[in-house]
Every structure is written in C-alpha cells, then in structure tokens.
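Q: I'll drop the sequence and a predicted model, then ask my questions.
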Amino acid sequence: MKHTLLALLSALPLCAQTQPAFSWLTFHPGTRSEVIQAVRPASDGTVWVAGTTRSDLILQSPNEPFRAIHAGGSDLFIARYRPLPGGGSTLLFWTLYGGTGDETFGDFNVGASGFLYLAGSTNSIDLPMAGASQRLEIAGNTDAFVAVFDPNGVGVDSLVYASYFGGTGTETVAAVPVRPDGSFALVGETDSTDLTLSDNGMQAANRGARDLYIVQLNPFNAPESHYTSYLGGSLGDYASGAVFDQAGYLWITGVTNSDNFPVTYDEGTQTTISSMLDGFLVRLDLAQPGLDAITYITYLGGSLGDFPTAIAAGAGQQVYLTGYTFSANFPTTANAAQRVLRGEIDGFVAVVDGAEPPAQRLRYSSLLGGGGADIPQSIAALPDGRAALAGYVANAGLPVSGGAPQPSPASLGQEGFLAVIDPKRATEGLDLITYFGGAYRDNVNAIGAAPDGQLYFGGSTDSPELVGTDGTSRLQSPREAAAFLGRLSL
C-alpha cells in the first residue's frame, strides 16, 4: 500500500530517536523548477545548500542578497537554513547568481574562513565578475566560472571574486574543492585546445576529444600565480568529482574511454581499461612541477561500463568513492557487504587510503543494489568512518534494512534512497538502506554529514503529496521539480 512521507514524519517524535528517522524536512521556495545539488552542514547546526533555479520568486532572508531577481534561463542559488525544534525552519541567507543566459551547476563548498565558493559552466556573456579575475569575458560557447561570496557582505559587495575560465571550446565543471588557506582547485573537462596553461603543468596539450583540466589558484593572494594543466588520454575523459584530502593531495574521479589514460604502473593499480567506459582515480600533488605532480592514477572498473559519480574526503589521506556499474566483475574486496551484481545496474562504494602502499590502497569496495537500476549520486564520510550515500533507484528492489524510515517505495518509478555503510564491519556493514519519496519522480542529489553525525540531504521531487515538517510544500506546477532539504537522524 502506498504511503506518503508526511505520514511517516508526522508519526515520529522529534526528540532523540532510538532508530534512524527523517527528523526534519523543508522545501526551498520556488514557483518554477528548483533543484538542490549540494548540501554542506555546518558545525553550528545550520546547513548550506546550492543548486539551480528558474524561479522568479524573491525570498525573504536577513541578508541583502547579491542578486534577488532571476536574470536568465537557469540561474544558481545559495541558501542557508537553520532547522528548529518542532520541525520548523529559518532561512538565514539566500542569493542568486547568473547572467542572461544559462548557468549549469558544478559544485559548491564553504571555505575555512566562511567564504562561499560556487562553480559551474555558463553561456552568459554578462556573468558578474569581481576581484582579480583571470578572464573577464567568455571565450567559447560555454565557459567554466568560479564565484566567491562573503556571506557577511551586503548586496553587490558580497561578491568578492568571480572569473570565467576556459578556451574557445566548451568547458564543464565537476568540482571546486577548497584548501584551508582559501585557495581552490577547479576541475572539469574541456574540448578547448587553447587553454592558458602554467609552465609547471603536467600536460601541455589536449590529447583527445575531451581532456580533464585542473586549475589551482588563491583569489586573495597573488591570483596571477596559478596552476593550469590538461590531463587525459586520446579519447574522452570526464571528471565527476574532486576533493583535497587532509594531507593536501588533490583526488579526482571520473570516467574515461581512453586506453592510454596516464596511469601509474604501481603494484595493485589497474593499468589497462577493461571496457568501453571505465572509471578512474587520480591523486595529484600540485606543489610538484610537471609529471612529478602525478602520484597515483588507476583505472577502476570491470568488463562493461563503470561510472564513478562522487568523491568525499575521509580521515587522513582516505577518500570515499561512489558511483554505479554494469559490470558483474567490478573489483570488490573480501570484506564487501555485496560482491554479486544483483540488477542490471548496481551502485558501488569504495574507500581508498593514500597513506597505504599502492597495492593496499583499496581498503574497501562493495556493490550496493537490488533487482533494478541503483544510481548513487553523492557520498559523505561520517565522523565515525562510515559512508553515507544518496541517489535514486528505478524499478525499486533495494535490500532495505530493518528500521528503515521508509521501508518501501511509494511508486514504481524513480525513487530517492539513502544508505549508510560501515567499511569496518566486514561483510555485514549495511547499517541502513531506506527509500525517500512520493508517488512521482524523486531524486536525492546530495548528502552531507554534520559533525554530530546527523545526515542532511537534498534534491528534487515531482511528488505533490510530500509536505515538510515546517509545513512547506511544493509551489510548482506538476511538471516542474521542487527542491527539498531534509535531515536523517541516525
């Protein structure tokens, strides 16, 4: 029997839970398509989100936004929420950013100073620029961009840095990880052959149809001293995520069909491509010049198609990966919770430790799926070392755990899901798998772990019956997505 998430939420006490529970839910206001694509919990109990909007609705928040009026077809937004006792919500910060064209979301992060880093791609010729921009004008049909905001700034003064990045081709953005000193890396892929490169880069030319690009600079301290390089093989290479570990190494994951992707020939690395599309994992030390920056590169995949979708930093030099695979022989470890492909497409989760010798770096790798298609899209590392995943399923058949907040799907179509996996519990580490959604299409795009271990998640839904704990609901027409933000208390 179908049930609504509202019924599940209303049946739960909002005090401390003895089992996992959806303890808070709100809808980001909008009258047209809205999607939350990044969730960044803060240590003070608030949560930052960012995503894409086509709405003309002007929101009320304590700050004076950089831009309050929708400028083009698709703009980006940043917001900050405080969940309240009893299920309520307070909007603490909100702004739009974009030009008269379309902006595509890439990534969003909050720096140690509290500054907000928003990145994506754009075809707008009038994107607002600020600070010591690398490029003031768009160079190709679609360029990458980075915008940095001071959340304590007022109006237009809150934009402290913004720049286009790119050549005469097309750039997309996968990630904008931020170092403690405020410098950032911009990672994506490009078909441009004329990027402005630094002398100390790894690769001086685009070798294929699309190569990765890596930019690193500090916008506040000699921004002209930047690092820019290509990285890739002779066909197509596509980044899906990047993160700095606690030792300062830059890890990048994505997908390639290049059989000459520049892997490192260490014991334990996968040195040959196994299918038409394999995943890859890269570790770089950008303090080193030229090829010395490459410390580890491996393929990751089996005999069909393998698609890493997200990466997160754990303790030390650990990184957590997720994605999905068609391969029955996807590489799993002996301690995996699931080693057999159960559907046409299963998710996967892996933990890699860069502090270990190359042959021992893959500490954990497991499949995750049921009888349909299971697509993880985001991963977060919990403070206790567990991994939290979020995404969607089609033709639902996940092995839901006991005590799941939503143990069965509300539809037979696309339904959101969340999972918690403990890599330290050999073969028994599926701590939680739950559905999230209503009668129509639901997608959990992003998940983040708060310092207290609570999980915040966001995405979009077409389901009209979902209602937040604060009484909010979707305002959009039936064919347009509404953005939701929730909390899963473990």
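A: Done, it's in. Numbers count the residues shown, from 1 in each chain.
Q: In contact with residue 433, which residues?
A: 368, 398, 399, 400, 401, 404, 417, 418, 419 (CB atoms under 8 Å, 6 or more residues apart in numbering). For every residue, glycine as well, the C-beta is placed using N, CA and C.
Q: Recalculate using a threshold of 6 Å.
A: 398, 400, 401, 419 (CB atoms under 6 Å, 6 or more residues apart in numbering).
Q: hang on, it in a strand?
A: Yes - judged by DSSP: H, G, I helix; E, B strand; the rest coil, residue 433 forms part of a strand.
Q: wait, doesn't residue 382 sit right on residue 450?
A: No - look at residue 382 against residue 450 with CB atoms under 6 Å: they stay out of range, at 9.3 Å.
Q: which residues does residue 446 bridge with?
A: Per DSSP bridges, the residues bridged to residue 446 are residue 458.
Q: Could you single out the nearest of the contacts of residue 433 to residue 361?
A: The shortest gap between residue 361 and any of the contacts of residue 433 belongs to residue 419, at 23.2 Å (CB to CB).
Q: need the contact list for the closest one.
A: Here residue 419 is in contact with 389, 433 (criterion: CB under 6 Å, 6+ apart).
Q: Mind splitting this structure into its structural domains?
A: Annotated domains of the chain cover 1-30+342-490, 48-53+71-300 [automatic domain parsing].
Q: Mind checking the pLDDT average for the helix or strand harbouring residue 488?
A: Using DSSP states H and E, residue 488 maps to strand 482-489. Taken as a whole, strand 482-489 has an average pLDDT of 96.
Q: Run me through the strand neighbours of it, direction for each.
A: strand 21-28 (antiparallel), strand 455-461 (antiparallel).
Q: which residues touch the first one?
A: Applying CB under 6 Å, 6+ apart, the set of residues contacting strand 21-28 from outside is 9, 12, 34, 83, 87, 89, 405, 468-470, 472, 474, 482-487, 489.
Q: Report the distance from the strand holding residue 488 to the chain centre.
A: Strand 482-489 has its C-alpha centroid displaced from the chain centroid by 15 Å (CA atoms, centre = their mean, to the nearest Å).
Q: Next: stretch 237-246.
A: That offset, for stretch 237-246, works out to 10 Å (CA atoms, centre = their mean).
Q: could you dump stretch 333-348 to CSV, C-alpha only?
A: In CSV, the C-alpha atoms belonging to stretch 333-348 read as follows (Å, rounded to 0.1, in the frame of the first residue of the first chain):
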residue,chain,number,x,y,z
THR,A,333,37.2,-6.5,-1.7
ALA,A,334,36.9,-9.6,0.5
ASN,A,335,35.2,-7.6,3.3
ALA,A,336,32.5,-6.2,0.9
ALA,A,337,28.9,-6.3,2.1
GLN,A,338,27.8,-7.3,-1.5
ARG,A,339,30.1,-8.9,-4.1
VAL,A,340,27.5,-10.0,-6.6
LEU,A,341,25.7,-7.8,-9.2
ARG,A,342,22.0,-8.1,-8.4
GLY,A,343,20.5,-5.9,-11.1
GLU,A,344,21.3,-4.5,-14.5
ILE,A,345,22.9,-1.5,-12.8
ASP,A,346,24.2,-1.6,-9.2
GLY,A,347,25.8,1.1,-7.1
PHE,A,348,29.2,0.8,-5.5
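Q: what residues does it touch?
A: Stretch 333-348 has contacts (CB under 6 Å, 6+ apart) with 323-326, 328, 332, 364-374, 376, 426, 429-430.
Q: So among those residues, which ones count as buried?
A: 323-326, 332, 364-370, 372-374, 376, 429-430 (16 or more other CB atoms under 10 Å).
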